[in-house]
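Engineer: Starting from these lines, generate the structure:
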Amino acid sequence: MAKIRDLLAAGPSCSFEFPPARTPEAAEAFDLTMRDLAPLRPTFVSITYGALGSTRDVTRDMVLRVDAEQPFPVMPHLTCVGQSRGELVDLLVTYRDAGIDNVLALAGDPPADGSESGGDFTYATELVALVREVGDFSVAVAAFPEIHPRSPDRGRDRRILADKLAVADLGITQFFFDADHYFRMVDELDALGCTTPVIPGVMPFISVAGTRRMSAMNGTAIPGPLQERLDAVDGDAEATRKLGVEVAVDLCERLVAGGVPGLHLYTMNRSASIADIVSALGAGRLGLHAPA
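Structural biologist: Numbering: from 1, shown residues only. This next block holds a predicted model:
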């Protein structure tokens, strides 16, 4: 499989993110979504990782299966909080020996109750160093356009992010709703001499309550007009989904026009919204294969 750093050098990318399947029903949804979206031939797909390694085995098994079944690279998410060096090395060796070339290295969230998480590492840069020790992976890290929710101030956040990107091959952002946040972040990183590409993450939301909950957790601002539109569709699942697509398409239009290195679309193990976004923007414009 190819390294994502090389694929980005070849031109703009479009990639999809999948959560791990924790239940038989979720596994079926994952398989159906992958079946529907695989013909688009994304640049790569990523599979997320539960807090404190709670989905380690599930994520690993899904990553290995997708890598064996699909022609595009799969990038596992990996967090260090709550896990030992030995556990992380074992998992990285498994990926390396299976031919997995890409890893998204994340610090991970500490326990919500404030208790000690344990583990041998705290910061994503420590995990990046470990990944480099184990194999020749292409390494991605996370970026928060509106600054990390635990950052003390914007200036320190950007310096930490620039340092993290300096040891990585690419960044992928948390979701956001205003393209200006992304472009401001890129300008601030550029002023610090950081040239590592950062791919914007775009979430076509499907739940009003879920969107507000995740936004609060990640420090993502929901613009006032969007709050009003969310109120208007609350309780109507299909209207909410369609609004999520509309908002995502508008955001992607601005990002693509601004020359982003790619788009990373959150699937939430549902293909309809992604298919609608690709249809609205044009598969060829995104570097995807046109749907049959």
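Engineer: What segments of the stretch 1-150 of the chain are helices?
Structural biologist: 4-9, 24-37, 56-69, 85-98, 124-134 (DSSP state H, counting those that start in this stretch).
Engineer: List the buried residues of stretch 202-209.
Structural biologist: 202-208 (16 or more other CB atoms under 10 Å). No exception for glycine: its C-beta is placed from N, CA and C like everyone else's.
Engineer: Among those residues, which one sits closest to A140?
Structural biologist: Nearest to A140 among the buried residues of stretch 202-209, counting by CB to CB, is V202 at 15.9 Å.
Engineer: Wait, the closest one touches F175, no?
Structural biologist: Yes - between V202 and F175 there is a contact under CB atoms under 8 Å: 6.4 Å.
Engineer: Quick check: H181 is in a helix.
Structural biologist: Yes - secondary structure of H181 (DSSP: H, G, I helix; E, B strand; the rest coil): part of a helix.
Engineer: Low-confidence stretches in the protein?
Structural biologist: Where the chain drops to pLDDT under 70, the residues are 1, 50-54, 109-118, 292.
Engineer: quick one: which of the buried residues of stretch 202-209 sit in strands?
Structural biologist: Residues of the buried residues of stretch 202-209 located in strands (DSSP state E): V202.
Engineer: As TSV, the buried residues of stretch 202-209 with distance to F44 would be great.
Structural biologist: Output for these, formatted as TSV (distance: CB to CB, whole Å):
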residue	distance to F44
V202	15
M203	18
P204	19
F205	23
I206	23
S207	26
V208	30
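Engineer: can you count the residues close to A29?
Structural biologist: A29: 19 surrounding residues under other CB atoms under 10 Å.
Engineer: how much space between it and A237?
Structural biologist: Applying CB to CB, to the nearest Å, the value for A29 to A237 is 15 Å.
Engineer: Restricted to helices, list the buried residues of stretch 202-209.
Structural biologist: V208 (DSSP state H).
Engineer: the strands in the chain, which residues?
Structural biologist: So, for the chain - with DSSP E - the strands run 13-18, 45-47, 74-79, 102-106, 138-143, 170-175, 198-202, 262-266.
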